[in-house]
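# this one's structure only:
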């Protein structure tokens, strides 16, 4: 069970270590997306993603003796960076297990925080993490299937509601479901009329397919621009929350994920990674149940992407 | 003379055509810049620069018969894009005179709005503009040396004060002085204690040198990353206003202009053109009289720069 109270507790626990990220009105995207566009800019969070919220809440609520054994986390990059940051803060050892395909900027960001990086095939991440935990006594910090992680991510939901109480719809990228279950619990407890839409890559639509099937399906590994949303199965603890609280999960084609990122860059002047611009892509695809006069908040989950200025 | 009342009038005249751009708290830059960092995001303005404010205020206050003759404007790009946008809105002909060195993204942005583009050497812009005006009867829309232009740009100052009334210091890029004279008149009329700092490229420090000399010096043409700040002499109507109201003008080295842009990109996740990140560069250079607990608003004047995602 995840409750609003746990999320409030998480907020008190982590608030002096994370930023309250800005809610930005992006007028320039209204016409293109067909709504009043707001973004919750977690790309501007410390470590440049929301993942720090959950990692800090988890690690700050663990007994010190356990932490001092060290921690290990499987990640596509952002959760690992959050764990590495929290480990540095707490002065403990962290090992991050990343897929071979992780973007260089994420691998380097994690190393720069002093964590050890182990790379492997995408599907082997959790097996290798468990092996490292067994062999070295490291405590596993799961990226989403953990109530403390979800409660930490849910603090972004408290902020959204405080910053934009008359929001009509919140659009959230969904992978394992940690962020979405946290935000859904926070928002629906306070304002059940706010619509919540999950967005995931069409090539790995583990939530849309599982919701249709009524059970957690395990999909086959695929490539996607949305490198942070490659999880192959909904989280065990996350799935029922999403099932109960989320209004709709929308799948987004690769070409639209790319267009979402380009649009946010060129029209919005905001740098977000592809996995974070997927909601913008969904709106461009015309796939969201949103309307012209509605205030829609797109959660921009991360900004760990490398850009270079073009030569003139 | 430029008065607060003229700026309020400009606001009423243009407000349904421009965006109230966001004031964004960028926590992630505090430590690097040594203050509480806020940006006024005019890179998110329509046409992606503040210049639309002045162009619209000027053109909406001109008699229709005069407008129908067509307009011509010398520009480094952003003023031209503002004039082209306003001309399209009013359904009149616009010709924009740009330096050969103008960034492709600016030239194309102007053409896409339906304006004609004439390119020439930087120093010849105003001469060619006057010739086009004489030969075709076009009305000249000056980029800065005009009270209606300044009043339009000053509306950004009204917004800054409304959005962040307890701001301590406002840092504004300065070229001819149109934006700075508008903002200084707005802000100092309402709150004379707010500090105003102009920032210009060290290679063309026309304001710092002219203020020291006590008269408007004409500098020699130079190259700078800050392509929007290459004006060689302070504007005739702008100089006395800057002289009277601006607390300090700081010159920024090229390497720091570049670092300012990179920092805003990589740490702030905001896309701004080099001319707009010059204030961030000045802070990185340690050249601003700002302190850790002060709220400093950096005006990000434009976002017309091309970026491409790096391949992984």
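Arrived safely. As the structure is a prediction and not an experimental result, all values here were calculated from the model.
# element containing residue A:30, please.
In this structure, residue A:30 is located in helix A:30-33 according to DSSP states H and E.
# so what does that helix touch, helix or strand wise?
Packed against helix A:30-33 by the contact rule (3 or more Cβ pairs under 8 Å, 6 or more residues apart in numbering or on different chains; DSSP states H and E) you find helix A:278-284. Glycine gets a C-beta too; all of them are placed from N, C-alpha and C.
# can you check the pLDDT for the spatially closest residue to residue A:99 that is not a sequence neighbour?
Closest residue to residue A:99 apart from its sequence neighbours, by Cβ to Cβ, 6 or more residues apart in numbering or on different chains: residue A:122 at 4.0 Å. pLDDT, residue A:122: 86.
# mind checking how far residue A:122 is from residue A:93?
According to Cβ to Cβ, to the nearest Å, residue A:122 and residue A:93 sit 24 Å apart.
# give me the more crowded residue out of those two.
residue A:122 (19 against 16; other Cβ atoms under 10 Å in any protein chain shown).
# residues touching the more buried one, list them.
A:99-101, A:221, A:230 (Cβ atoms under 8 Å, 6 or more residues apart in numbering or on different chains).
# kindly give a single PyMOL line that selects the buried subset of the residues you listed.
Selection of the buried residues among the contacts of residue A:122 in PyMOL, burial being defined by 16 or more other Cβ atoms under 10 Å in any protein chain shown:
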select buried, chain A and resi 99+230
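# what is the nearest of the contacts of residue A:122 to residue A:139?
residue A:99 (21.4 Å; Cβ to Cβ).
# my read: that closest one touches residue A:117, true?
No - the pair residue A:99 / residue A:117 is not scored as a contact, 11.2 Å apart, by Cβ atoms under 8 Å.
# find the residues that touch each one of these two.
Shared contacts of residue A:99 and residue A:117, defined by Cβ under 8 Å, 6+ apart, are absent.
# before we move on, back to that, the residue nearest to residue A:99 and residue A:77: what is the separation?
Residue A:122 sits at a distance of 12 Å from residue A:77 (criterion: Cβ to Cβ).
# and the helix or strand where residue A:242 lies, what's its mean pLDDT?
Element membership for residue A:242 (DSSP H and E) is helix A:238-245. In this model, helix A:238-245 has an average pLDDT of 98.
# kindly report the same for stretch A:12-31.
The average pLDDT for stretch A:12-31 rounds to 98.
# in that stretch, which residues are buried?
Buried, per 16+ other Cβ under 10 Å, within stretch A:12-31: A:13-14, A:18-29.
# helix or strand with the lowest mean pLDDT in chain A?
The helix or strand of chain A with the lowest confidence, counting by mean pLDDT, DSSP states H and E, is strand A:307-309 at a mean of 59.
# host element of the nearest residue to residue A:150 once chain neighbours are set aside?
Spatial nearest neighbour of residue A:150, excluding adjacent residues (Cβ to Cβ, 6+ apart): residue A:182 at 4.3 Å. Assigned by DSSP H and E, residue A:182 falls within helix A:178-190.
# which strands and helices sit next to that helix?
By 3+ Cβ pairs under 8 Å, 6+ apart, helix A:178-190 packs against helix A:4-14, helix A:147-163, strand A:169-173, strand A:195-201, helix A:238-245.
# nearest to residue B:234, of those?
helix A:147-163 (41.0 Å).
# next, the angle from that closest one to helix A:4-14.
Here the directions of helix A:147-163 and helix A:4-14 differ by 90 degrees (axes from the mean of the first three to the mean of the last three Cα atoms, to 10 degrees).
# how about helix A:147-163: buried residues?
Across helix A:147-163, burial judged by 16+ other Cβ under 10 Å covers A:147-161, A:163.
# again with stretch A:80-89
A:80-87.
# near chain B at all, it?
No - judged by Cβ under 8 Å from any Cβ of the partner chain, stretch A:80-89 makes no contact with chain B; its nearest approach is 12.6 Å.
# from the chain's centroid, how far away is that stretch?
16 Å (Cα atoms, centre = their mean, to the nearest Å).
# what mean pLDDT does it have?
The predicted model assigns stretch A:80-89 a mean pLDDT of 98.
# contact partners of that stretch?
Residues contacting stretch A:80-89 (Cβ under 8 Å, 6+ apart): A:17, A:46-49, A:51-56, A:59-60, A:71, A:73, A:75, A:93-94, A:96-98, A:106, A:109-110, A:113-115, A:117, A:141, A:304.
# among these, which are in reach of chain B?
Within these, those near chain B by Cβ under 8 Å from any Cβ are A:46, A:48.
# burial count for residue A:167?
21.
# so it makes contact with residue A:194?
Yes - Residue A:167 lies in contact with residue A:194 (Cβ under 8 Å); the separation is 6.0 Å.
# what residues are shared contacts of the two?
Counting by Cβ under 8 Å, 6+ apart, the residues touching both residue A:167 and residue A:194 are residue A:161.
# still on that earlier bit, hmm, the residue nearest to residue A:150 is touching residue A:148, no?
No - with contacts counted by Cβ under 8 Å, residue A:182 stays clear of residue A:148, the gap being 10.2 Å.
# which neighbours do the two share?
Common neighbours of residue A:182 and residue A:148 (Cβ under 8 Å, 6+ apart) are residue A:54.
# pretty sure residue A:128 is in contact with residue A:117, am I right?
No - checked against Cβ under 8 Å, the pair residue A:128 and residue A:117 is beyond contact range at 11.9 Å.
# okay, now the unreliable bits of chain A?
With pLDDT under 70 as the threshold, chain A has low-confidence stretches at A:308-312.
# tell me which parts of it are close to chain B?
When proximity is defined by Cβ under 8 Å from any Cβ, chain A lies next to chain B at A:19, A:22, A:24-28, A:41, A:43-44, A:46, A:48, A:103-104, A:261, A:265, A:268-272, A:303, A:305-310, A:312.
# just the buried ones from those?
A:19, A:22, A:24-28, A:41, A:43-44, A:46, A:48, A:103, A:261, A:265, A:268-272, A:303, A:305-307, A:309.
# pull up the distance across stretch A:9-27, start to finish.
34 Å (Cα to Cα, to the nearest Å).
# mind listing what residue A:186 touches?
So residue A:186 contacts A:4, A:7, A:154-155, A:157-158, A:161 (Cβ under 8 Å, 6+ apart).
# redo that, cut-off 6 Å
Going by Cβ atoms under 6 Å, 6 or more residues apart in numbering or on different chains, residue A:186 touches A:7, A:154, A:157-158.
# what of residue A:217?
Residue A:217 is in contact with A:209-210, counting by Cβ under 6 Å, 6+ apart.
# what about the strands in chain A?
Secondary structure of chain A (DSSP state E): strands located at A:23-25, A:36-41, A:71-74, A:94-99, A:116-120, A:139-140, A:169-173, A:195-201, A:248-252, A:295-300, A:307-309.
# what's the most buried one of those?
strand A:71-74 (a mean of 28; mean count of other Cβ atoms under 10 Å in any protein chain shown).
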